[in-house]
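A.B. asks: Give me a model of this one.
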Amino acid sequence: MSDERTESILQRLAELRADDAPTHGGRVLSYVYDSGLAELDELARAAAASVQAVNGLDPTAFPSVARMEADVITFACELVHASAHDRDVTGLVTSGGTESCLLAVKSARDRWRAAGGTGVPRIVAPVTVHAAFHKAAHYFGLDLELVPVDEQGVVDTAELTARLTTQTALVVVSAPCYPFAALDPVAEIAGAAADRGVACHVDACIGGWVLPFWSDGGEGLSPWDFRVPGVTSVSLDAHKYGFAPKGASVLLFGDPDAKRAASFATTRWPGYPVVNPTMLGSRSAMSLAATWAIVAYLGPDGFAALTARSRSATHTLQECISGIVGLRVVGDPIGPLFAVAADHTVADGDQVDPHIWADRVRELGWVLQPQPGLHQADGPDLPRTTHLTVTPVTGDEVDGLTAALIAAADDVRGVPGVDLGELLSAMPELAVDAGADSATAGGILRDLGLAGEDAGGALPDQLAPVMALLDVMPARRSEALLTELLARCNERHRHGDH
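C.D. replies: Got it, this is the predicted structure:
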């Protein structure tokens, strides 16, 4: 590709990407999972390009799709001990963790109904369960019953299992949960679920490809996979610590009929018979092929080596945080991720607000992920935190990163959190516990300086004030404003921005 038009288009694409967070180099500790191996990136690109025109809709026309899926599923099965207890584990390759979670819920709902369940089915899970299950409940018409966790992110097993009733179609546990990296008590909860005839899904989307290699092959961890009686399905994302391009996850079922229940099929139209094992119809094979190639290239030894690098960097960063006055690591995190909160045991003048700290770290060249606090009606309030996801390449830059974490804390130590009292008094509409239409939400965003012609729907450089708003606004109002804000990000033509 060397003609002038092609070069012009690619140059424009480079300009569009100029403001993107860097996807390589370890500067972004969320969203991207960088192996640090350039040859792996090149292999993934070549494999994806080789199937660019392939449609995963019909493996009878493109049998390579089924063959690659079988290989990836087989490898994933080995990671999560699918052969334990003579399980007949089957699986799907999906477009990501959210689709895997949605399909796990759809399967459990349909099987619950087939077994005689009536009324509204229910999902029971700790409050730290991934937001994908909120989406699944919303899409598929289930109630989501959330069980509180303590300030370390740990759920009380007895309280959760007491919530399991004949209306419960699915209980969900995490290995580990994303917000605090707590490993839920899978064995105890899955066992109780089995006794009550309730399906149990393990959301290992972030941990499934790394925990098997964590500390002596995962032997030092409490069992969380198909070794545990009562676990009926497991999700694990290849585009996280499987280091595949975005758009690849694996969903495994301990029963072939559960996999069938996740599917959709119809012959009730005059076109071709439709059989969709996943939520998509036509689907690209590019991420699948890249995943297949990466699995073949790395194998267990390669994944173990990359996990060791992530583990070393994680421990270094956790030790760094433990030495910073005013900050603390939340709970007992498992795997290459953790959250950082303010240490309220020190004097006010020594405390560090994690969101103000994250903003300062960003100014020093590193992107962390702020997380709002959460009020639990029947449990303790959960603190605002900043989240770090650690990848193998993080270790290559860990000295610079730890220096930035320490310097940023020194710069903002004693700076109080954002006080919104005056703003809330001036804008009582922020405290309304209701959604809002586009015009109303847009007006509020403009008043906040987030949606004017100059803003173009973009977030400000300083996220601490935005996160503080999320801490105090009712959920329905904050969700409406965030929906409007994100919707405007690709609607800038309204304001004449080009």
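
A.B. asks: Just give me the neighbour total for the nearest residue to residue 82 once chain neighbours are set aside.
C.D. replies: Once flanking residues are discounted, residue 82 sits nearest to residue 89: 3.7 Å by CB to CB, 6 or more residues apart in numbering. C-beta coordinates here come from the backbone N, C-alpha and C atoms, glycine included. For residue 89, the neighbour count with other CB atoms under 10 Å is 23.

A.B. asks: need the contact list for residue 89.
C.D. replies: The neighbourhood of residue 89, defined by CB atoms under 8 Å, 6 or more residues apart in numbering, consists of 77, 82-83, 226, 252-254.

A.B. asks: Please go through this protein and pick out the longest helix.
C.D. replies: Secondary structure of the chain per DSSP state H: the longest helix is helix 286-322.

A.B. asks: if we can go back for a sec, and the residue nearest to residue 82, how far from residue 364?
C.D. replies: In this view, residue 89 and residue 364 are 46 Å apart by CB to CB, to the nearest Å.

A.B. asks: do the same with residue 181
C.D. replies: The value you get for residue 181 to residue 364, if CB to CB is used, is 24 Å.

A.B. asks: So for those two, which residue has more residues nearby?
C.D. replies: residue 181 (27 against 14).

A.B. asks: Excluding sequence neighbours, find me the nearest residue to that one.
C.D. replies: Going by CB to CB, 6+ apart, residue 181 has residue 333 as its nearest residue, at 3.4 Å.

A.B. asks: same deal with residue 198?
C.D. replies: residue 168 (4.9 Å).

A.B. asks: phi, psi of the residue nearest to residue 82?
C.D. replies: Per-residue torsions, residue 89: phi -80, psi 130 (degrees, to the nearest 10).

A.B. asks: For residue 238, see how far away it is.
C.D. replies: Applying CB to CB to residue 89 and residue 238 gives a distance of 17 Å.

A.B. asks: ok, residues contacting the worst-scoring helix or strand of the chain on mean pLDDT?
C.D. replies: The weakest-scoring helix or strand in the chain, judged by mean pLDDT, DSSP states H and E, is helix 421-426 (a mean of 84). With contact meaning CB under 8 Å, 6+ apart, helix 421-426 is reached by 430-431, 472.

A.B. asks: quick one: contacts for the residue nearest to residue 181?
C.D. replies: Taking CB under 8 Å, 6+ apart, one finds 176, 180-182, 318, 339 in contact with residue 333.

A.B. asks: same check, this time on residue 106
C.D. replies: 136, 140, 261-262.

A.B. asks: Wasn't it part of a helix?
C.D. replies: Yes - counting by DSSP: H, G, I helix; E, B strand; the rest coil, residue 106 is found in a helix.

A.B. asks: still on that earlier bit, and the contacts of residue 333 as JSON lines, adding distance to residue 326?
C.D. replies: Converted to JSON lines, those look like this (distance: CB to CB, whole Å):
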{"residue": "176", "distance to residue 326": "25"}
{"residue": "180", "distance to residue 326": "19"}
{"residue": "181", "distance to residue 326": "21"}
{"residue": "182", "distance to residue 326": "23"}
{"residue": "318", "distance to residue 326": "16"}
{"residue": "339", "distance to residue 326": "15"}
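
A.B. asks: just checking, which of these belong to strands?
C.D. replies: Secondary structure from DSSP state E places residue 339 of those in strands.

A.B. asks: Let me have the contacts of residue 333 in a markdown table, extended by distance to residue 378 and pLDDT.
C.D. replies: Compiled in a markdown table, the contacts of residue 333 are given as follows (distance: CB to CB, whole Å; pLDDT from 0 to 100):
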| residue | distance to residue 378 | pLDDT |
| --- | --- | --- |
| 176 | 23 | 98 |
| 180 | 18 | 98 |
| 181 | 23 | 98 |
| 182 | 18 | 98 |
| 318 | 30 | 98 |
| 339 | 22 | 98 |
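
A.B. asks: from the contacts of residue 333, which is closest to residue 398?
C.D. replies: residue 318 (11.5 Å; CB to CB).

A.B. asks: picking that back up, show the pLDDT at the residue nearest to residue 181.
C.D. replies: On pLDDT, residue 333 comes in at 97.

A.B. asks: Tell me the spacing between it and residue 409.
C.D. replies: In terms of CB to CB, residue 333 sits 19 Å off from residue 409.

A.B. asks: Residue 490 too?
C.D. replies: Residue 490 is 36 Å from residue 409, by CB to CB.

A.B. asks: Give the residue from those two that has the larger number of neighbours.
C.D. replies: Shown here are residue 490 and residue 409; by other CB under 10 Å, residue 409 has more neighbours (23 against 8).

A.B. asks: hang on, that one packs against residue 320?
C.D. replies: No - taking contacts as CB atoms under 8 Å, residue 409 lies outside contact range of residue 320: 9.8 Å.

A.B. asks: does residue 280 count as helix, strand or coil?
C.D. replies: Assignment for residue 280 (three-state DSSP): coil.

A.B. asks: Please report the number of neighbouring residues for it.
C.D. replies: 13.

A.B. asks: so it makes contact with residue 93?
C.D. replies: No - if you go by CB under 8 Å, residue 280 and residue 93 don't touch, sitting 11.1 Å apart.

A.B. asks: ok so, going back, show the pLDDT at the residue nearest to residue 82.
C.D. replies: 97.

A.B. asks: Likewise for residue 496?
C.D. replies: 44.

A.B. asks: do residue 450 as well
C.D. replies: pLDDT, read off for residue 450, is 82.

A.B. asks: from what I can see it touches residue 484, true?
C.D. replies: No - using CB under 8 Å, residue 450 makes no contact with residue 484, being 9.3 Å away.

A.B. asks: Report the separation between residue 112 and residue 169.
C.D. replies: Residue 112 is 4 Å from residue 169, by CB to CB.

A.B. asks: any weak-confidence spans in this protein?
C.D. replies: Residue ranges of the chain with pLDDT under 70: 1-2, 216-219, 451-460, 492-498.

A.B. asks: what about 50?
C.D. replies: 454-457, 493-498 (pLDDT under 50).

A.B. asks: Show me the domain layout of it.
C.D. replies: For the chain, automatic domain parsing gives the domain ranges 49-294, 421-495.

A.B. asks: any idea which of those is most buried?
C.D. replies: domain 49-294 (a mean of 20; mean count of other CB atoms under 10 Å).

A.B. asks: tell me what the helix or strand where residue 357 lies is packed against?
C.D. replies: Per DSSP states H and E, residue 357 falls inside helix 354-363. Judged by 3 or more CB pairs under 8 Å, 6 or more residues apart in numbering; DSSP states H and E, helix 354-363 is in contact with strand 337-342, strand 369-371, strand 385-389, helix 398-412, helix 464-472.
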